[in-house]
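1. What follows is a predicted structure for the sequence shown.
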Amino acid sequence: MLATSITFKVMMGTTLLGATAGVVGSYAVLRRRALVSDMLAHAALPGICLAFLIVGARDIFALSIGALATGLVGLLLVTVLCRWTRTKEDAAIGIVLSTFFGAGVVLLSFAQRHHQGNQAGLDTYLFGEIAAMQSREVRLLLAVGTLVLLAVLALHKEFKVLAFDPEFAASQGWPIFLLDFGMMALLAVVTVVGLPICGVILMAALTILPSAAARFWTNRLGSLLLLAGLFGGVSAAVGTLLASPVPQQLLGFNPLAFGWHPSHLPPGPLIVLTTASLLVVSLFIAPQHGIAARLVGEFRLRARIFREHLLRSLYEMSEAELPALPAIAESALVDYRSWNRLLVDWQIRRAERRGLVELKDGTIRLTPDGLTTAADLTRTHRLWELFLVEYANIAEDHVDRDADDVEHLLPQPLIDDLQRRLAEEGRLPLQPRVDIPPPSMPESPHELEP
Amino acid sequence: MIDLFEPFRSTTAWWTIAVGATTNVACALVGCYLVLRRMSLMGDALAHAVLPGLVLAFLFSGTLNIVPLFFGAVTVGLLATFLIQSLHQYGRVPADASMGVVFTSMFALGVVLIKRYLSGIHFDAACVYEGLLQFVALNTVDVAGLEVPRTLLTIGPVLLMNILVIALFWKELKISSFDANLASAMGFSATFMHYLLMVLVAVTTVASFEAVGSILVVAMLIVPAATAHLLCDRLGHMVILACLAGVLSAVGGYWIARVWNVNPAGSMTIAAGGLYGLAVLFSPRHGMISTISRNLQTSLRVTCEDILAMLYRVEETDTQHRLDTSSAVQALGGGFVSRWGISALVRRRHIVRTKQGLQLTDTGRLAAKSLVRSHRLWEAYLVQHLGLPLDHIHEPAHRVEHFIDEKLRHNLEEVVDDTGRDPHGRDIPNG
């Protein structure tokens, strides 16, 4: 029972941290500054060492103030370097990250010589100890989380514009520099508070991963922040739970007990891996932005394009005998545009299910519905060809392919407008026969294949 | 008298510096391309992402032998660059976030693997960061009768490989770094160059952090290259300067480390940062001081010209009236540049201070006339050729007048209808 209550306390702390980091991290990711939190976490080391050298004791409050101070100095330096020199943002972040950390390493070795024994574990600050979470830390996290939430709510509009269009924000007369610095300072506060709990790398992960995962699900800033907070909080809770003795108590065995040392795993890496799995799942299954959705969308589009080409070919092959609907041999259709026979087979069957064609003994015949659809497609194609010939001065024998690419995406009103204009200007050669649908089918500007 | 060279008077010193300098140069070489391609943080990402590779290589080979560890790390490093690129390309995650996602996750995986399989082995995370540069000279191998540090035998060949590959693919790397589309149009694959560079980065990172710790690697991939980037505008010069900065930071860093008895990898990083700081301040073309002084010179010139033109206009409207210094400064918006401009003009004998106020000399009047001529010709041009209304032409002309040279003025005279009168109806003086 004791183990469970400790787990609960730790879980509360990590959930708070994960949610807060997810929210402030979203802004950094949107501003293309995902690695600023990595920089802040590294730049904390010299601050920690300096604070230790000045105070002379491992006072967590003093160390945090030191870490925050050097983090903010690092942020300022990055801004100044980007503004005043030709060094780009990524290099500036890297320069501050590495030189500050180098300075920290030097100060650490200096402290080790001058405060023997006292500095023990100063560097563990960088690797974090989640298990050491006390009620005090949880209360601190709660306070910081509330502060961040209030700041984000109060400055929602400003941060929103800043995240998407800083130039516009500047033109509105807002203090861009201050807002930007404030946004990053919030990140710095969260990073510094989380650092002794999580360590450098996990802290960077907590700010980047949740929002990167949430971005797959939404296009709106409000829901992105909510989702990132949710993802961060939930995966922190799940990671902590996985690392605790709780699954063992519930299941009777430890699901993560693989390997040679089946002890409990540290919660930090498990939190990262939980968020990472969330991200991978989102990457594949998220509607609209997920890979699966995009593949399906692309497949559908390709299938539609192929079907439309097929129907137009059928129309062109039947055109001479209209209004009678001739039966066309499938092999003739395959040869007409050198298609792959299997693809044609498959598409013809799909078109049959839609009631657009009839199949009989290896021949294909347009149904009346199919004829209307095919005629519309052909009309669009020919009107676009005419447009290219008449208005864009492209040679008649060059327009077929160009129209092939565009015709599937042209909206109907545009096509109607084009037909009206061409007709008004007397540049619309019509099919001589008016008895076949649709009325006023334009003539193809180029010769059709025999 | 303090002996400044005392820290260098031992074989240990020279071997340590040699290892540091070799590492720094190997990193700086590839770093130039990373900085130019805006992928500076790739080194940081790879240095963390290779952890599971090290662990897996150890598990499969069962030894701490350098060869399997090296190949495990490089393979996983390449996998990481591939994942970063794919997540960016197919998942449309921004490039920097994609890097952050991949390296933190892989590092976490590495830590889990260590806890599961290697918790019997002492894993000193701090040592991975800080390296053991202070001890490299103690672990030596006998090569042809010479006691060479073992790490030099790892990093030396890597340096040679970097030099060789960069020399062989100089043109291709250059073009694909500056203009990937041009590279594709010229018939060599920019993607191939990207992965070739990533192989170099991965190999260099792994080989060097075995010697000097990840922090020095990350620094040396970025800082010397960024320093060189501030100092020159040609890739060849940049590469050479970056290598030089790498060597200098090794020497300087070692000196700091010995004098204050601190960690040498850390102090080499600080030395590199110091060199970068110097370049930021004092670079002749891109440094802050030269930029600020250039800006100041331009604004002084513009102010001087504005004063001359203003005095000319006052003379033109009222031949008796003269501006005094304080009202002239006020009219220019105040500030020390205006005062400075007035005294500069007095020194140049373009104006003299009289009892009535500031008075143009003949040379000054000539300069002012040519300036006012440029201004009014430009106004006429804006009205006649761009159709701007009368109340919109003063501001742009006021800005452009300082940059109209003899040739442009000649062109303006040719295209403007009436070179005697400006659109406001005032005379255009003969400058």
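-> Cool, the structure landed.

2. Kindly report the domain assignment for chain B.
-> B:6-283, B:287-360, B:373-431 (automatic domain parsing).

3. deepest of those, which one?
-> domain B:6-283 (a mean of 21; mean count of other CB atoms under 10 Å in any protein chain shown). Backbone N, C-alpha and C define where each C-beta goes, glycine included.

4. quick one on the thing from earlier: out of the domains of chain B, which gets nearest to chain A?
-> Closest to chain A of the domains of chain B, according to CB to the nearest CB: domain B:6-283, at 2.6 Å.

5. Now residue 99. Nearest residue, chain neighbours left out?
-> Since you didn't name a chain, this refers to chain A. Nearest residue to residue A:99, sequence neighbours excluded (CB to CB, 6 or more residues apart in numbering or on different chains): residue B:273, at 3.2 Å.

6. if you could check chain B rather than the one you did, that'd help
-> Using CB to CB, 6+ apart, the closest residue to residue B:99 is residue B:45 (4.8 Å).

7. wait, isn't that neighbour in contact with residue B:105?
-> No - with contact defined as CB atoms under 8 Å, residue B:45 does not reach residue B:105; the gap is 11.0 Å.

8. Could you tell me which ranges of chain A sit under the pLDDT cut-off?
-> Filtered on pLDDT under 70, chain A yields the residue ranges A:1-4, A:115-128, A:130-132, A:252, A:254-264, A:431-440, A:449-450.

9. on that earlier part again, adding mean pLDDT, write the domains of chain B out as TSV.
-> Converted to TSV, the domains of chain B look like this (pLDDT from 0 to 100):
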stretch	mean pLDDT
domain B:6-283	87
domain B:287-360	87
domain B:373-431	87
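
10. that older thread, just the C-alpha atoms of whatever helix or strand the residue nearest to residue A:99 lives in, please, in CSV.
-> Under the criterion of DSSP states H and E, residue B:273 resides in helix B:264-282. The C-alpha atoms that make up helix B:264-282 are tabulated as CSV, following Å, rounded to 0.1, in the frame of the first residue of the first chain:
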residue,chain,number,x,y,z
PRO,B,264,40.4,19.9,-20.5
ALA,B,265,37.5,19.0,-22.8
GLY,B,266,35.3,21.7,-21.1
SER,B,267,38.0,24.3,-21.4
MET,B,268,38.7,23.5,-25.1
THR,B,269,34.9,24.2,-25.6
ILE,B,270,35.3,27.5,-23.7
ALA,B,271,38.3,28.4,-25.8
ALA,B,272,36.4,27.7,-29.0
GLY,B,273,33.5,29.8,-27.6
GLY,B,274,36.0,32.6,-26.8
LEU,B,275,37.3,32.5,-30.4
TYR,B,276,33.7,32.7,-31.7
GLY,B,277,33.1,35.6,-29.4
LEU,B,278,36.1,37.4,-30.7
ALA,B,279,34.9,36.8,-34.3
VAL,B,280,31.4,38.1,-33.4
LEU,B,281,32.9,41.3,-32.1
PHE,B,282,35.9,42.0,-34.4
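
11. returning to what we had before: roughly how far does the residue nearest to residue A:99 sit from residue A:233?
-> 38 Å (CB to CB, to the nearest Å).

12. now do residue A:219
-> According to CB to CB, residue A:219 and residue A:233 sit 22 Å apart.

13. The two: which has the busier surroundings?
-> Just comparing residue A:219 and residue A:233: by other CB atoms under 10 Å in any protein chain shown the higher neighbour count belongs to residue A:233, 22 against 9.

14. which residue packs closest to the more buried one, ignoring adjacent ones?
-> residue A:19 (3.6 Å).

15. again with residue A:444
-> That would be residue A:382: by CB to CB, 6+ apart, it lies 5.4 Å from residue A:444.

16. Distance check, the residue in the stretch 101-250 of chain A that chain B sits nearest to against residue B:265.
-> Closest contact between the stretch 101-250 of chain A and chain B, by CB to the nearest CB, is at residue A:102 (2.6 Å). Remark: distance between residue A:102 and residue B:265 (CB to CB) = 7 Å.

17. mind listing what the residue nearest to residue A:99 touches?
-> A:95, A:98-99, A:102-103, B:219, B:223 (CB atoms under 8 Å, 6 or more residues apart in numbering or on different chains).

18. Among those residues, which one sits closest to residue A:156?
-> residue A:95 (32.8 Å; CB to CB).
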